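Chemist: have a look at this prediction, sequence included:
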Amino acid sequence: MQTEKAIYFNLLSQGNLSQSTIDSILDHVKSQGLHIAPVPQDLIKKNKYGEKISEYLTRLNLSVVEGNPSWEGLLVGFPGDYEELSTKSVGTPYLRMILYPILDLHHRLKSDKESRFPCIYFVGKRFSDVFLRKFELLKDVVPNIIVLTHDIYECAMNKSLPPITEESESRESWTQMSLSQMMNSKEGLFVPTKTKKLTIKYLSSEVPCNEGTEYPERLDILGYDAIDHGLVAFELKGLAAGRMELENLFLQGIEHRNWIEKNKMAVKLLFDGGPKGKRINTRKRVRLLLGFYGETVPHIFNELRDEAIRRDPYTEIDFVRLLNEGNKVTIDVFENP
């Protein structure tokens, strides 16, 4: 039986893994005014920087991204489909074999180009939580780790609003549709909070976030603040939501918000044209809105928010009261926010 270290490497050696996701995403990156070129071979071979870069890494798709100082870096593309990139073949042993070589190659590029090269891009069909946790270690030494997958790419390319439904506010899909339509209007969606009134503009709905057991978990609506251009993660529940569903809203929302926060550069590149985009400011923290029907906020929500802010004073979380007035969603402030 092959080890986790050998399975994916052997698949790469056969040279017939699908490149479709890598090709599509690289075409999109180039369309945003960035330039992509192969990594120079003299940086891979034994040279003044050290020994030859390991074949465990060099059999992947390696490119250099240039064209804007804030977005320059090393791009590592992982060919294959969902199954071939699963933990069955791309496990911890293989990831350990390429982690340091990626840093080594990135350092060689920085030295050769005499540039900051603040980014490392990972491109592939879909990456497991094991993969993502392992490469989060790179954030300690590289400013921007940008993960681009088929799921988030397809979501960004799909410009359509949620499907129209005639259901009442008892269904979450109706509320999601109504709020998305208002965000997508010329005026945007006005949201009163304790501190100020926000104007939220629409980016997408059902945005794939954390890896689920079979499919990615999805954020209900992604938008941005029309004034300060910070991203806004909007998680909501319909009127028919039971107690357990409502109580889970906070934890679900904070998990999805944290994913968006970690992946702001990927979101801007795919949803806002990367360096050319003016709608999203990645220096701003992602704001979380939790929307639900009812008179009061569940008692533990405030404690959870206080704890989240204690851990990160820049975190902004607002509870949004949803109302149905004449088959139209309206938004108000909870009296016990």
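Modeler: Alright, I've got the coordinates.

Chemist: Y202 contacts M183, doesn't it?
Modeler: Yes. Contact criterion Cβ atoms under 8 Å: Y202 and M183 qualify, at 3.5 Å. Heads up, the C-betas are built off the backbone N, CA and C, glycines and all.

Chemist: now do the shared contacts for those two.
Modeler: Here Y202 and M183 share the contacting residues 189, 221, 223, scored by Cβ atoms under 8 Å, 6 or more residues apart in numbering.

Chemist: buried subset of these?
Modeler: For those, a burial check counting by 16 or more other Cβ atoms under 10 Å picks out 189, 221, 223.

Chemist: need those in JSON lines with secondary structure, pLDDT and distance to T175, can you?
Modeler: Formatted as JSON lines, the buried ones among the shared contacts of Y202 and M183 follow (DSSP: H, G, I helix; E, B strand; the rest coil; pLDDT from 0 to 100; distance: Cβ to Cβ, whole Å):
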{"residue": "L189", "secondary structure": "strand", "pLDDT": "96", "distance to T175": "12"}
{"residue": "I221", "secondary structure": "strand", "pLDDT": "97", "distance to T175": "10"}
{"residue": "G223", "secondary structure": "strand", "pLDDT": "97", "distance to T175": "15"}
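
Chemist: between those, which is nearest N68?
Modeler: Ranked by distance to N68 (Cβ to Cβ), the buried ones among the shared contacts of Y202 and M183 are led by G223 at 24.9 Å.

Chemist: okay, and the beta partners of the closest one?
Modeler: With DSSP bridges as the criterion, G223 is bridged to Y202, V232.

Chemist: ok, it to S54 distance?
Modeler: Distance of G223 to S54, computed by Cβ to Cβ, to the nearest Å: 43 Å.

Chemist: what's the closest non-adjacent residue to S128?
Modeler: Once flanking residues are discounted, S128 sits nearest to T87: 4.9 Å by Cβ to Cβ, 6 or more residues apart in numbering.

Chemist: so the one you found makes contact with V130?
Modeler: Yes. Here T87 lies in contact with V130, judged by Cβ under 8 Å, at a distance of 5.3 Å.

Chemist: okay, and the common contacts of those two?
Modeler: Here T87 and V130 have no joint contacts, going by Cβ under 8 Å, 6+ apart.

Chemist: need the shared contacts of Y202 and M183 in TSV (columns: distance to F301).
Modeler: Below are the shared contacts of Y202 and M183 laid out as TSV (distance: Cβ to Cβ, whole Å):
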residue	distance to F301
L189	21
I221	19
G223	21
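
Chemist: skip the chain neighbours and tell me the closest residue to the most centrally placed residue in the chain.
Modeler: A centroid search over the chain (Cα atoms, centre = their mean) returns N263, at 3.9 Å, as the residue closest to the centre. Distances taken as Cβ to Cβ, 6+ apart place V147 nearest to N263, at 6.3 Å, with adjacent residues excluded.

Chemist: the helix or strand harbouring that neighbour - what's its average pLDDT?
Modeler: Assessed by DSSP states H and E, V147 sits inside strand 144-149. Strand 144-149 shows a mean pLDDT of 96.

Chemist: how about stretch 227-244?
Modeler: pLDDT averaged over stretch 227-244 gives 90.
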